[in-house]
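Asks: Here is my input; please provide its structure:
(3 chains)
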Amino acid sequence: MLQLIEFLGIITFALSGIVEARRKRMDLVGVYTVALITAFGGGTVRDLFLDRTPLFWVANAWYAILILVMAVAAFLFPGLTRVPERAILLPDALGLGLFSIAGAGFALDAGTSMFIAALLGTTTGVFGGVIRDVVINEIPFIFRSRYLYATAAFIGCWIYMLLIRAGIEKGLAVLIGIAAVVLLRLAALRFGLRLPGGH
Amino acid sequence: MLQLIEFLGIITFALSGIVEARRKRMDLVGVYTVALITAFGGGTVRDLFLDRTPLFWVANAWYAILILVMAVAAFLFPGLTRVPERAILLPDALGLGLFSIAGAGFALDAGTSMFIAALLGTTTGVFGGVIRDVVINEIPFIFRSRYLYATAAFIGCWIYMLLIRAGIEKGLAVLIGIAAVVLLRLAALRFGLRLPGGH
Amino acid sequence: MLQLIEFLGIITFALSGIVEARRKRMDLVGVYTVALITAFGGGTVRDLFLDRTPLFWVANAWYAILILVMAVAAFLFPGLTRVPERAILLPDALGLGLFSIAGAGFALDAGTSMFIAALLGTTTGVFGGVIRDVVINEIPFIFRSRYLYATAAFIGCWIYMLLIRAGIEKGLAVLIGIAAVVLLRLAALRFGLRLPGGH
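Replies: Here you go, the predicted model:
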C-alpha cells in the first residue's frame, strides 16, 4: 500500500522536475538529474535518517529507468512539457500528499514517535523540491512560497496518524491523510492561506 | 556528559538559526526549518558518517518539540529575537565549541583515528551553519568569515584529545576543549586573527 | 585494485578542488574544505547510499592528511596552483573516469542491478564537483557544461560492466572503462559533443 503510494508520488514529482528543468532549457542529463533529484530526494533522506537499507530506488531499478524514459520522451515530444506554470501545481500538491503520508507511515513502522514521524513525513514530502532548488541555485520553494506548503504536509501527517490511533482502517487513513494534504495545499493557493510572519 | 553538552549546543544553535531567519522575515515554517537545520545539521552528518543509529534527534523527539516551542515564542514575543548581529556571536561561538568537542568525543567512541575525530568534530561544529547558509542561498559563513572559525574548532578538538591521552579526567578535558574553542573564536573576532591567504 | 583507482581519483579531484579554491582567493580552511568536499563527496554519497561502513575516508585517515599536506603546499608554493583553467581539464577527466568506474564496481559488489550501478558510478564521479559548486554558490558544473560530462561517465560504466559480463579479466575491464570515460570527455571538449536540448 505505502509502496503504491510512493510509486505515484515518484511519477508526479519526476514530472514536475522534468517540466521545471525543460523550462530552464537544460539538456537531457540536466533534465534527468533534476527529475531524479526531485523524485528520489525526499525518500532518500528519509531512508538515510531511518537507516532503511537498501534505499528504495537502489532496491527497485525500475523507478530510475522509468524516469529516464519520461525524460527522453520529454525531448522527443517537447509539446508534452510545454505546460503553463499553474498546470504543475496539482501534480505537485498530489506528490506532496503521497510522499508525506508514505514517509510518516514508514517512520512509524520504524518505531519513531509521532512528532518525529510527522517531521520525517513532511521532510519526505518537501525535501526533493528543496534539493532541486538548491542544485539549480534558487532559494528553495518552501522559503519563497507565500502559501501553506510544508504546513499542509505536517497537518496531513497528524490527521493520518490520529486516524490510525483512533482505530480507523489503515488504507482509509492513508487516503484521508493524502486528501487532507492536497486539499489544504490547493485551498492555500486558492484562498491565499499563509502563516503569520511571512512577507 | 557528551549528551548534556550536545543539548546545550542544540539550544544555542537553534537560537542563532531563529534570529537569522527572523531577520530575513521568514514565516513560521521557514524559521522552524532554519532552526532545525542549524541545530541538527552537524550532528546528523556526524551520525550518518559514523553510522550511528538512530539519529540523535530521531531517538529524542523532545529536541524537535523544544525548538518548535522556541520558534513559536519568537513569533509571539518578537522583541526576543530583535537583537543586534553582534549579540549572536557569543552563543554561536559556544555552540561551535559544544558541538565540536561532543562530535570529536562521539567519533573517538566509534573508534576513529584522532585526525578523523578532529575532522568530524569540526564538521559537527560548522556543518549546521554551512547547510543553513546553502539553503538560504548565501555563500557559507566559513568561506566568508575573515577570522578563525573552523580552525578554532579543529584546534580545540586536538587540545581535548591530547588532554584525554595525557590521562586528564574526561569531564575536565571536555570543559577545557570547549573553553579553548570559544576563547580562540572570540579572540579571533577581537584581535582579527586569520589564516594566511584569505582576502 | 578498486582502492588503488580510488586513491588516484582522490588525488586528482583534491588537486582540482585546490586549484579552484585558490583561484577564488580562499584562505587555508576554505581551500582544505573545498578540496575535501571535491575529493570525498562522490564516494561519501556512494557509501551512504550503499550503506557501506565505515566510510572510506573514515577508515583511512591518510587520505585526509595527504590532502591537508597538499593544501598547505599550495600556500607555501603558490606557483604550483597558478595554472590556466585548461590545465585542470585533464586531471578532472581522469578523476571522473577513476571515480565512476570504481563506484560502479563497488555498487556491483554490493549486489545492485547494472542500471543502478551505472547510476551510482556516475554519481560517484560527478557528485564531488556538484557539492563543491553548490557550496561555493555556483550553478553546478554538470548543469553549465555544454559538453558531455556525466554522459561520458555513464557510458564508461556500461562499457566496463558489459566487458565484465563478457568474461573479460576484471583489471583489464577497469582500465578500458576508465579510458573510455576519459577519451569520451576529452573528445567532447575537443569536438564540442553535446546532448540534444542544451543551450
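
Asks: residues making contact with stretch A:183-198?
Replies: With contacts defined as Cβ atoms under 8 Å, 6 or more residues apart in numbering or on different chains, stretch A:183-198 is touched by A:89-90, A:93, A:96-97, A:146-149, A:151-152, A:155-156, B:25-31, B:75. For every residue, glycine as well, the C-beta is placed using N, CA and C.

Asks: go again using 6 Å as the cut-off
Replies: The contact list for stretch A:183-198 (Cβ atoms under 6 Å, 6 or more residues apart in numbering or on different chains) reads A:Ala93, A:Arg146, A:Tyr147, A:Leu148, A:Ala152, B:Asp27, B:Leu28, B:Val29, B:Phe75.

Asks: Of those residues, keep whichever come out buried.
Replies: Among those, the ones that count as buried by 16 or more other Cβ atoms under 10 Å in any protein chain shown are A:Ala93, A:Tyr147, A:Leu148, A:Ala152, B:Asp27, B:Leu28, B:Val29, B:Phe75.

Asks: Which strands or helices does the helix or strand in which A:Phe154 is found pack on?
Replies: A:Phe154 is part of helix A:150-165, with elements assigned from DSSP states H and E. In terms of contacts (3 or more Cβ pairs under 6 Å, 6 or more residues apart in numbering or on different chains; DSSP states H and E), helix A:150-165 is packed against helix A:89-109, helix A:114-135, helix A:170-191.

Asks: The second one to helix A:89-109, inter-axis angle?
Replies: With axes from the mean of the first three to the mean of the last three Cα atoms, to 10 degrees defining the directions, helix A:114-135 sits at 140 degrees from helix A:89-109.

Asks: who's in contact with helix A:114-135?
Replies: By Cβ under 6 Å, 6+ apart, the list of residues contacting helix A:114-135 reads A:13, A:34, A:37-38, A:41-43, A:45-46, A:96, A:99-100, A:103-104, A:107-108, A:140-142, A:150, A:153-154, A:157-158, A:161, B:58, B:61, B:64-65.

Asks: how close does the closest residue to A:Ala117 other than its chain neighbours get to chain C?
Replies: Leaving aside its chain neighbours, A:Ala117 sits nearest to A:Ala107 (3.9 Å; criterion: Cβ to Cβ, 6 or more residues apart in numbering or on different chains). As defined by Cβ to the nearest Cβ, to the nearest Å, A:Ala107 lies at a distance of 18 Å from chain C.

Asks: do the same with A:Leu172
Replies: Taking Cβ to the nearest Cβ, one finds A:Leu172 at 34 Å from chain C.

Asks: ok, back up a step: return the subset of the contacts of stretch A:183-198 lying in helices.
Replies: In this view, these that belong to helices under DSSP state H are A:Ala93, A:Ala152, B:Leu28, B:Val29, B:Phe75.

Asks: looking at chain A, which helix or strand is least sure?
Replies: helix A:141-144 (a mean of 60; mean pLDDT, DSSP states H and E).

Asks: which stretches of chain A aren't confidently modelled?
Replies: A:85, A:136-146, A:196-199 (pLDDT under 70).

Asks: go with 90
Replies: A:1-9, A:12-13, A:15-31, A:52-53, A:75-95, A:127-149, A:188-199 (pLDDT under 90).

Asks: residues contacting A:Thr151?
Replies: B:Val29.

Asks: How many neighbouring residues does A:Leu183 have?
Replies: By other Cβ atoms under 10 Å in any protein chain shown, the residues close to A:Leu183 number 14.

Asks: cool, the one 3 residues further on as well?
Replies: If you count neighbours by other Cβ under 10 Å, A:Leu186 ends up with 16.

Asks: so how far is C:Tyr32 from it?
Replies: 48 Å (Cβ to Cβ, to the nearest Å).

Asks: cool, A:Ala73 as well?
Replies: 44 Å.

Asks: who has more neighbours, the two?
Replies: Using other Cβ under 10 Å as the criterion, A:Ala73 and C:Tyr32 rank with C:Tyr32 on top: 28 against 13.

Asks: can I assume the more buried one is in contact with C:Ala71?
Replies: Yes - counting by Cβ atoms under 6 Å, C:Tyr32 touches C:Ala71, with 4.3 Å between them.

Asks: Might you name the residue of chain A sitting closest to chain C?
Replies: Chain C sits closest to A:Asp27 of chain A, with a gap of 3.2 Å, by Cβ to the nearest Cβ.

Asks: phi, psi of that residue?
Replies: Backbone torsions of A:Asp27, given as degrees, to the nearest 10, read phi -80, psi -180.

Asks: Ignoring the adjacent residues along the chain, who's closest to A:Ala71?
Replies: Closest to A:Ala71 by Cβ to Cβ, 6+ apart is A:Tyr32, at 4.3 Å.

Asks: Please identify which helix or strand holds the one you found.
Replies: Going by DSSP H and E, A:Tyr32 is part of helix A:28-49.

Asks: Could I get the buried residue list for the helix or strand following that helix?
Replies: Using DSSP H and E, the helix or strand that directly follows helix A:28-49 along the chain is helix A:56-59. Neighbour-count burial for helix A:56-59, counted by 16+ other Cβ under 10 Å, picks out A:Phe56, A:Trp57, A:Val58.

Asks: swap in stretch A:105-115?
Replies: Those would be A:Gly105, A:Phe106, A:Ala107, A:Leu108, A:Ala110, A:Thr112, A:Ser113, A:Met114, A:Phe115, for stretch A:105-115 by 16+ other Cβ under 10 Å.

Asks: just to revisit the earlier point, which strands and helices sit next to the helix holding A:Tyr32?
Replies: Going by 3+ Cβ pairs under 6 Å, 6+ apart, helix A:28-49 lies up against helix A:2-23, helix A:61-76, helix A:114-135.

Asks: quick one, the last one and helix A:150-165 angle?
Replies: Right, the one you point to is helix A:114-135. Angle between the axes of helix A:114-135 and helix A:150-165 is 150 degrees (criterion: the same axes, to 10 degrees).

Asks: and what of the second one?
Replies: Helix A:61-76 and helix A:150-165 are oriented at 140 degrees to each other (the same axes, to 10 degrees).

Asks: Give me the distance from helix A:61-76 to the chain's centre.
Replies: Distance of helix A:61-76 from the chain centroid (Cα atoms, centre = their mean, to the nearest Å) equals 18 Å.

Asks: Packing partners of that helix?
Replies: helix A:2-23, helix A:28-49, helix C:114-135.

Asks: Other residues contacting that helix?
Replies: A:10, A:14, A:18, A:22, A:28, A:31-32, A:35, A:57, A:81, C:113, C:115-116, C:119, C:197.

Asks: Can you list the buried residues in that helix?
Replies: Buried, per 16+ other Cβ under 10 Å, within helix A:61-76: A:Ala61, A:Tyr63, A:Ala64, A:Leu66, A:Ile67, A:Leu68, A:Met70, A:Ala71, A:Ala74, A:Phe75.

Asks: The nearest residue to A:Trp158 once chain neighbours are set aside: neighbouring residues, count only.
Replies: Ranked by Cβ to Cβ, 6+ apart and with sequence neighbours excluded, the top spatial neighbour of A:Trp158 is A:Ala118, at 5.6 Å. Other residues near A:Ala118 number 27, with proximity taken as other Cβ under 10 Å.

Asks: before we move on, what about the one 10 residues further on?
Replies: Number of residues near A:Gly128 (other Cβ under 10 Å) recorded here: 29.

Asks: burial measure for A:Gly41, as a count.
Replies: Residues near A:Gly41, counting by other Cβ under 10 Å, number 24.

Asks: Look up the closest residue to it, ignoring the ones flanking it.
Replies: Leaving aside its sequence neighbours, A:Gly41 sits nearest to A:Gly128 (Cβ to Cβ, 6+ apart; 3.5 Å).

Asks: phi, psi of A:Thr112?
Replies: According to degrees, to the nearest 10, A:Thr112 has phi -80, psi 170.
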